[in-house]
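Q: Mind folding the following:
(2 chains)
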Amino acid sequence: EPEVTQTPSHQVTQMGQEVILRCVPISNHLYFYWYRQILGQKVEFLVSFYNNEISEKSEIFDDQFSVERPDGSNFTLKIRSTKLEDSAMYFCASRGQGMVEFFGPGTRLTVL
Amino acid sequence: SQQGEEDPQALSIQEGENATMNCSYKTSINNLQWYRQNSGRGLVHLILIRSNEREKHSGRLRVTLDTSKKSSSLLITASRAADTASYFCATDASGSARQLTFGSGTQLTVLP
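A: Numbers count the residues shown, from 1 in each chain, chains lettered A, B, ... in the order given. Modelled structure (predicted):
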């Protein structure tokens, strides 16, 4: 069964460093998403991507964040200068023509 | 706004018992979905109920939706220890990408 994959599973970085989180959505899906979940809190929407551009973004998704789909398979989230409060699980999701979003296993980002 | 609030926050039952979790939301929805998350892992889609549906079944899962009360319930019958996880309701937004807004979740513990 096709699934969304994410790498790395765990990323540790120093405050102020740039990180890139990678996702491979399910092929032939059209909509791509990033969510985050701070430990013990809700899953929060960050950004959606469709037709090679951002379609929606939340207040969390400020100038420090960017997304890219550099080729036909990868979907990346970049944080330019990480802050302590960026520590969280980051989930990638994709959706085809249907209504269900399929989530990846997540990347745990720890900012020291 | 706080969309998708579940109650109870935590629920502990014996194997074989039924578990009921409730979710309330504030805005109009296209559909409501339930996801499961094992500790520190990704989100697994369980079931989707459309706004024009009142009840839906899938295996041991039963979901109800009351749009007049803006609430939903998830019933897991004949629970198993393997059902131990966090359960989240999620509503899709009116935005073009139909991104999800998650509730705070119910932590279900099924004791063997």
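Q: quick one: A:K78 from A:Y90, how far?
A: Distance, A:K78 to A:Y90, by Cβ to Cβ, to the nearest Å: 11 Å. In this view, the C-beta of every residue, glycine as well, is placed from N, C-alpha and C.
Q: what sits in contact with each of those two?
A: Taking Cβ atoms under 8 Å, 6 or more residues apart in numbering or on different chains as the criterion, A:K78 and A:Y90 both touch A:L21.
Q: Could you check which of those two is surrounded by more residues?
A: Taking neighbours as other Cβ atoms under 10 Å in any protein chain shown, A:K78 and A:Y90 compare with A:Y90 leading, 22 against 13.
Q: Please identify the helix or strand for the more buried one.
A: strand A:88-95 (DSSP states H and E).
Q: can you pull up the bridge partners for A:K57?
A: Following DSSP bridges, A:K57 is listed with bridge partners A:V47.
Q: residues near it, how many?
A: A:K57: 19 surrounding residues under other Cβ under 10 Å.
Q: So what's the predicted local confidence for it?
A: Each residue has a pLDDT score; the one for A:K57 is 93.
Q: just B:G4 next, same as before
A: Reading off the model, B:G4 has pLDDT 64.
Q: End to end on stretch A:5-25, go ahead and measure it.
A: Terminal residues of stretch A:5-25 lie 7 Å apart, using Cα to Cα, to the nearest Å.
Q: quick one: buried residues of it?
A: For stretch A:5-25, the neighbour count (16 or more other Cβ atoms under 10 Å in any protein chain shown) marks A:Q6, A:Q11, A:T13, A:V19, A:L21, A:R22, A:C23, A:V24, A:P25 as buried.
Q: just stretch B:5-18 next, same as before
A: Residues B:E5, B:E6, B:L11, B:I13 are the ones in stretch B:5-18 that count as buried (16+ other Cβ under 10 Å).
Q: Just the endpoints, please. Distance across it?
A: Stretch B:5-18 stretches 21 Å from its first residue to its last (Cα to Cα).
Q: Correct me if wrong, but B:S68 is in a strand.
A: No - counting by DSSP: H, G, I helix; E, B strand; the rest coil, B:S68 is located in no strand; its state is coil.
Q: Now it. Its backbone dihedrals?
A: When read as degrees, to the nearest 10, the backbone of B:S68 gives phi -70, psi -30.
Q: Neighbours of it, how many?
A: 5.
Q: And it, how far from B:L74?
A: 19 Å.
Q: what's the answer for A:W34, then?
A: In terms of Cβ to Cβ, A:W34 sits 26 Å off from B:L74.
Q: For the nearest residue to B:E17 once chain neighbours are set aside, give me its contacts.
A: Nearest residue to B:E17 in three dimensions, chain neighbours excluded: B:S79, at 5.7 Å (Cβ to Cβ, 6 or more residues apart in numbering or on different chains). Counting by Cβ under 8 Å, 6+ apart, B:S79 touches B:I13, B:E15, B:G16, B:E17, B:N18, B:A19, B:L108, B:V110.
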